[in-house]
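Asker: Got a predicted structure here, sequence first:
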Amino acid sequence: MNLYRSDEERLTDILIGDAVLQLLATDSVSDSALLNKLNDMASYECDPSRQHALQRAIAEVRKSIETFSRDAIILKDMDNVRHVFRNRDKTRHDTQH
(Lines give C-alpha, C1' and ligand atoms only; values in the text may rest on other atoms or scores of the structure.)
Protein backbone atom coordinates (compact mmCIF):
# COMPACT_ATOMS: atom_id res chain seq x y z
CA MET A 1 0.00 0.00 0.00
CA ASN A 2 1.41 3.38 -1.01
CA LEU A 3 1.12 5.96 1.80
CA TYR A 4 1.67 8.89 -0.54
CA ARG A 5 -0.78 10.23 -3.08
CA SER A 6 2.06 11.51 -5.25
CA ASP A 7 5.81 11.61 -5.67
CA GLU A 8 5.60 15.29 -4.74
CA GLU A 9 4.16 14.44 -1.31
CA ARG A 10 6.94 11.94 -0.76
CA LEU A 11 9.60 14.47 -1.76
CA THR A 12 7.99 17.10 0.50
CA ASP A 13 8.24 14.76 3.51
CA ILE A 14 11.83 13.84 2.62
CA LEU A 15 12.81 17.52 2.45
CA ILE A 16 11.14 18.29 5.79
CA GLY A 17 13.04 15.36 7.28
CA ASP A 18 16.26 16.65 5.72
CA ALA A 19 15.74 20.07 7.28
CA VAL A 20 15.00 18.57 10.71
CA LEU A 21 18.12 16.38 10.57
CA GLN A 22 20.23 19.42 9.73
CA LEU A 23 18.71 21.28 12.67
CA LEU A 24 19.30 18.36 15.04
CA ALA A 25 23.00 18.61 14.24
CA THR A 26 22.97 22.19 15.57
CA ASP A 27 20.74 21.53 18.64
CA SER A 28 18.37 24.36 17.70
CA VAL A 29 15.11 22.73 16.64
CA SER A 30 12.06 24.97 16.77
CA ASP A 31 9.17 25.95 14.53
CA SER A 32 10.91 29.12 13.40
CA ALA A 33 14.25 27.34 12.91
CA LEU A 34 12.54 24.74 10.71
CA LEU A 35 10.86 27.43 8.61
CA ASN A 36 14.16 29.29 8.26
CA LYS A 37 15.98 26.12 7.23
CA LEU A 38 13.32 25.26 4.62
CA ASN A 39 13.45 28.81 3.26
CA ASP A 40 17.25 28.61 3.07
CA MET A 41 17.04 25.29 1.25
CA ALA A 42 14.48 26.76 -1.17
CA SER A 43 16.66 29.78 -1.90
CA TYR A 44 19.52 27.53 -3.09
CA GLU A 45 17.48 24.86 -4.87
CA CYS A 46 17.67 24.84 -8.66
CA ASP A 47 15.60 21.75 -9.45
CA PRO A 48 11.98 22.85 -10.16
CA SER A 49 10.36 19.76 -8.62
CA ARG A 50 12.39 20.08 -5.41
CA GLN A 51 11.72 23.84 -5.35
CA HIS A 52 7.99 23.17 -5.59
CA ALA A 53 8.20 20.49 -2.89
CA LEU A 54 10.08 22.91 -0.61
CA GLN A 55 7.37 25.56 -1.09
CA ARG A 56 4.79 22.91 -0.24
CA ALA A 57 6.80 21.91 2.86
CA ILE A 58 6.97 25.54 3.99
CA ALA A 59 3.20 25.87 3.58
CA GLU A 60 2.59 22.64 5.53
CA VAL A 61 4.82 23.73 8.41
CA ARG A 62 3.16 27.17 8.54
CA LYS A 63 -0.29 25.57 8.58
CA SER A 64 0.77 23.20 11.34
CA ILE A 65 2.12 26.07 13.43
CA GLU A 66 -1.08 28.10 12.94
CA THR A 67 -3.28 25.13 13.85
CA PHE A 68 -1.19 24.33 16.90
CA SER A 69 -1.16 27.89 18.20
CA ARG A 70 -4.88 28.27 17.61
CA ASP A 71 -5.73 25.07 19.52
CA ALA A 72 -3.28 25.35 22.40
CA ILE A 73 -2.31 27.45 25.37
CA ILE A 74 1.41 27.54 26.09
CA LEU A 75 2.68 28.59 29.49
CA LYS A 76 6.29 28.87 30.60
CA ASP A 77 7.24 28.10 34.19
CA MET A 78 10.03 29.69 36.23
CA ASP A 79 12.62 27.37 34.64
CA ASN A 80 11.51 28.49 31.16
CA VAL A 81 9.93 25.07 30.49
CA ARG A 82 6.99 25.25 28.11
CA HIS A 83 3.76 23.52 29.15
CA VAL A 84 1.20 23.02 26.40
CA PHE A 85 -2.50 22.66 27.18
CA ARG A 86 -4.76 21.58 24.35
CA ASN A 87 -8.49 21.25 24.03
CA ARG A 88 -8.86 17.75 22.61
CA ASP A 89 -12.61 18.06 22.13
CA LYS A 90 -12.98 18.56 18.37
CA THR A 91 -16.26 20.45 18.83
CA ARG A 92 -14.20 23.37 20.22
CA HIS A 93 -16.20 23.27 23.47
CA ASP A 94 -14.33 23.13 26.75
CA THR A 95 -13.56 19.62 27.85
CA GLN A 96 -14.70 18.40 31.24
CA HIS A 97 -12.01 17.50 33.79
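Answerer: Arrived safely, thanks for sending.
Asker: Okay, now the unreliable bits of this protein?
Answerer: By pLDDT under 70, the low-scoring segments of the chain are 1-4, 27, 68-80, 82-97.
Asker: just the strands in it please.
Answerer: For the chain, the strands defined by DSSP state E occupy 72-76, 82-86.
Asker: buried set for the longest helix along the chain?
Answerer: Assignment by DSSP state H gives helix 48-70 as the longest helix of the chain. Residues of helix 48-70 classed as buried: R50, A53, L54, R56, A57, I58, V61 (neighbour count, 16 or more other CB atoms under 10 Å). C-beta: built from backbone N, CA, C; applies to glycine.
Asker: burial of A42, as a residue count?
Answerer: Each residue near A42 was counted by other CB atoms under 10 Å, and the total is 17.
Asker: In contact with it, which residues?
Answerer: Q51, L54, Q55, I58 (CB atoms under 8 Å, 6 or more residues apart in numbering).
Asker: Could you do K37 as well?
Answerer: A19, Q22, L23.
Asker: ditto for A19
Answerer: A19 neighbours (CB under 8 Å, 6+ apart): L34, K37, L38, M41, A57.
Asker: how near is the nearest residue to it once chain neighbours are set aside to A25?
Answerer: Spatial nearest neighbour of A19, excluding adjacent residues (CB to CB, 6 or more residues apart in numbering): K37 at 4.3 Å. Plainly put, K37 is 11 Å away from A25 if you go by CB to CB, to the nearest Å.
Asker: just L11 next, same as before
Answerer: In terms of CB to CB, L11 sits 21 Å off from A25.
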